[in-house]
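Novice: Just the structure for this:
(one chain, ligands or ions: 1)
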Amino acid sequence: MSWTIKDIPVKELSTGEVLSIKTFTLSNGEGPHIHIQASVHGAEIQGNAVILKLMEALKGQSIQGSITLIPMANPYATLNKHGTYTYGRYNPVTGDNWNRNYVDIVKASGFDLDEFCNSHKDSTWEDIKSSYKTKLSQAFSKYTNTLKDQNRIQDNNKINIILQELALGADGILDLHTGPTATRYLYSAEYEEAISKHMLFRHVLVIPNDFAGAMDEASFMPWIHLKDAFAKLGRDINLDVESFTLEFGSEETFRMDEGSKDVESILNYLKFKNVLAGEPEAANPHYSKLKDYNTMYAPRGGLVDYHVAPGDHFKEGDKLATFYQMKDIDPENPIASCSHTLVANADGIVINRCPSSNVHQGMELFQIMTNTYR
Ligand SMILES: [Zn+2]
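Specialist: Prediction:
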């Protein structure tokens, strides 16, 4: 087995330099195809440590099927520095979130699912899957060619189109991200909730089988549409295509030592897919539905001393943070006069917190899982 390496141009800059992404593909015979990409949000770089660890782990291993790895999937976002800080989540030109401009290709292309399902009513699932991937690929090419012909490829969707097209034929799509200051957690769609325990994350956010513009959703939506269309014909499809967003800690952080643990998630998933030999393990994560994933906004401005960290479990009444407002200082009683403590109004688990202690009223302070279950 050997790696196939490709260099794909993704953006010509005003100065003439052309940014490109590199894809690394390992393949061996028939089997599932797994697509793994990192750093679509430019400051979220831990996925690159994970990809390096994965390549090391695959040395001398025999795989069945194929794996494509794309480190540094959005070079323009990673290059965008403001001082020492990487402004990686949003396009600096348009303000768009880099992970909200993918396409629900079945809807966008007007794919005739009824016709497809009727003509494959009695086919095996393997034949349906193979034929559907071919049709999706044709639909995607047609859709993007139309955009190109009409000069409608924008700064904020070109990279998304390139990545989505690369992932189109995959049976497993793993989009590696991080939070701002975060613990490790996984986004899983409802239909893959049971499978998500093989991803070995301690925290799993369960999102609807719906489209809101992200890579994970764009990758599973064609399969959700297909399942729904077959259900109308009375045939139940047990989907074996998964798509997850893996959140490996905090942005601006690259830790090879933590990558050794992080990569276990992916190696275990590869076992689950039979791309690697061996029995997959199962974790016992804390699950929370997206509707119970709450953002707590700063009730006031000030300098913030955080009392809980990402990954911490807290109870109603626990102190979460203390705000200090320098304009309120009474020099006779300085600390008490200018401080206000924020207390939890329900039990929860801290997933993300604001990376800064310099906080305006109304800024995102914490993202917390509530109503968790196992
Ligand atoms: Zn991200």
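Novice: Of all the helix elements in the chain, which one is longest?
Specialist: Ranked by residue count, the top helix of the chain under DSSP state H comes out as helix 125-149.
Novice: Off-centre distance for it?
Specialist: In terms of Cα atoms, centre = their mean, to the nearest Å, the centre of helix 125-149 is found 23 Å from the chain centre.
Novice: Show the contacting residues for the residue lying closest to Pro32 once chain neighbours are set aside.
Specialist: Sequence neighbours aside, Asp171 is the residue nearest to Pro32 in space, at 3.8 Å (criterion: Cβ to Cβ, 6 or more residues apart in numbering). Just so you know, the C-beta spots here come from the backbone N, C-alpha and C atoms, and that holds for glycine as well. Asp171 makes contacts with 32-34, 65, 240-242, 273, as judged by Cβ atoms under 8 Å, 6 or more residues apart in numbering.
Novice: can you redo the residues you listed as JSON lines with distance to Val350, neighbour count and secondary structure?
Specialist: Formatted as JSON lines, the contacts of Asp171 follow (distance: Cβ to Cβ, whole Å; neighbours: other Cβ atoms under 10 Å; DSSP: H, G, I helix; E, B strand; the rest coil):
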{"residue": "Pro32", "distance to Val350": "35", "neighbour count": "19", "secondary structure": "coil"}
{"residue": "His33", "distance to Val350": "36", "neighbour count": "20", "secondary structure": "strand"}
{"residue": "Ile34", "distance to Val350": "31", "neighbour count": "24", "secondary structure": "strand"}
{"residue": "Gly65", "distance to Val350": "38", "neighbour count": "20", "secondary structure": "strand"}
{"residue": "Asp240", "distance to Val350": "34", "neighbour count": "15", "secondary structure": "coil"}
{"residue": "Val241", "distance to Val350": "32", "neighbour count": "21", "secondary structure": "coil"}
{"residue": "Glu242", "distance to Val350": "27", "neighbour count": "27", "secondary structure": "strand"}
{"residue": "Lys273", "distance to Val350": "32", "neighbour count": "23", "secondary structure": "coil"}
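Novice: Of those, which is the nearest to Lys227?
Specialist: Proximity of the contacts of Asp171 to Lys227 (Cβ to Cβ) peaks at Val241, which lies at 10.0 Å.
Novice: Same question for Pro310, what's its three-state structure.
Specialist: Following DSSP: H, G, I helix; E, B strand; the rest coil, the label given to Pro310 is coil.
Novice: Which strand or helix spans the closest residue to the ion within the stretch 151-300 of the chain?
Specialist: Residue of the stretch 151-300 of the chain nearest the ion, by Cβ to the ion: His177 (3.3 Å). Using DSSP states H and E, His177 falls within strand 172-179.
Novice: May I have the strands that pair with that strand, each with its orientation?
Specialist: If you go by DSSP bridges, strand 172-179 pairs up with strand 33-38 (parallel), strand 242-250 (parallel).
Novice: mind checking which of these is nearest Thr25?
Specialist: Of all these, strand 33-38 sits nearest to Thr25, with 9.1 Å by Cβ to Cβ.
Novice: Direction-wise, compare that closest one with helix 125-149 and give the angle.
Specialist: Per axes from the mean of the first three to the mean of the last three Cα atoms, to 10 degrees, the angle that strand 33-38 makes with helix 125-149 is 40 degrees.
Novice: Any idea how far strand 33-38 is from the middle of the chain?
Specialist: 11 Å.
Novice: now check that strand, is it near the ion?
Specialist: No. Shown here: strand 33-38 not in contact with the ion (Cβ under 5 Å from the ion), separated by at least 10.0 Å.
Novice: where in this structure is pLDDT low?
Specialist: Applying pLDDT under 70 to the chain flags no residue at all.
Novice: got a list of what the spatially most central residue of it touches?
Specialist: Taking Cα atoms, centre = their mean as the criterion, Thr245 is the residue nearest the geometric centre of the chain, at 2.7 Å. Listed by Cβ under 8 Å, 6+ apart, the contact partners of Thr245 are 175, 177, 186-187, 214-216.
Novice: Swap in 7 Å and give it another go.
Specialist: Contact partners of Thr245, counting by Cβ atoms under 7 Å, 6 or more residues apart in numbering, are 175, 177, 187, 214, 216.
Novice: Mind putting those into a markdown table with neighbour count?
Specialist: A markdown table is the format used below for the contacts of Thr245 (neighbours: other Cβ atoms under 10 Å):
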| residue | neighbour count |
| --- | --- |
| Asp175 | 28 |
| His177 | 26 |
| Tyr187 | 22 |
| Ala214 | 22 |
| Asp216 | 25 |
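Novice: Kindly indicate which of those residues lies nearest Arg100.
Specialist: Distance to Arg100, by Cβ to Cβ, is smallest for Ala214 among those, at 6.4 Å.
Novice: and the closest one, what does it touch?
Specialist: Counted by Cβ under 7 Å, 6+ apart, Ala214 has contacts 99-100, 102, 245.
Novice: And the residue nearest to the centre of the chain, how close does it get to Pro331?
Specialist: Here the criterion is Cβ to Cβ, to the nearest Å. By it, Thr245 lies 49 Å from Pro331.
Novice: just Ser288 next, same as before
Specialist: As judged by Cβ to Cβ, Ser288 and Pro331 stand 45 Å apart.
Novice: Name the residue in those two with the higher neighbour count.
Specialist: Ser288 (23 against 6; other Cβ atoms under 10 Å).
Novice: hang on, the earlier thing: what's in contact with the helix or strand following the strand holding His177?
Specialist: Moving toward the C-terminus from strand 172-179, the next helix or strand (DSSP H and E) is strand 181-182. Applying Cβ under 7 Å, 6+ apart, the external contacts of strand 181-182 come out as 247, 249-250, 310, 351-353, 355.
Novice: okay if I get those residues as a markdown table plus distance to Pro208 and neighbour count?
Specialist: Formatted as a markdown table, the contacts of strand 181-182 follow (distance: Cβ to Cβ, whole Å; neighbours: other Cβ atoms under 10 Å):
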| residue | distance to Pro208 | neighbour count |
| --- | --- | --- |
| Glu247 | 18 | 25 |
| Gly249 | 25 | 20 |
| Ser250 | 27 | 21 |
| Pro310 | 24 | 23 |
| Ile351 | 18 | 23 |
| Asn352 | 20 | 22 |
| Arg353 | 25 | 26 |
| Pro355 | 28 | 14 |
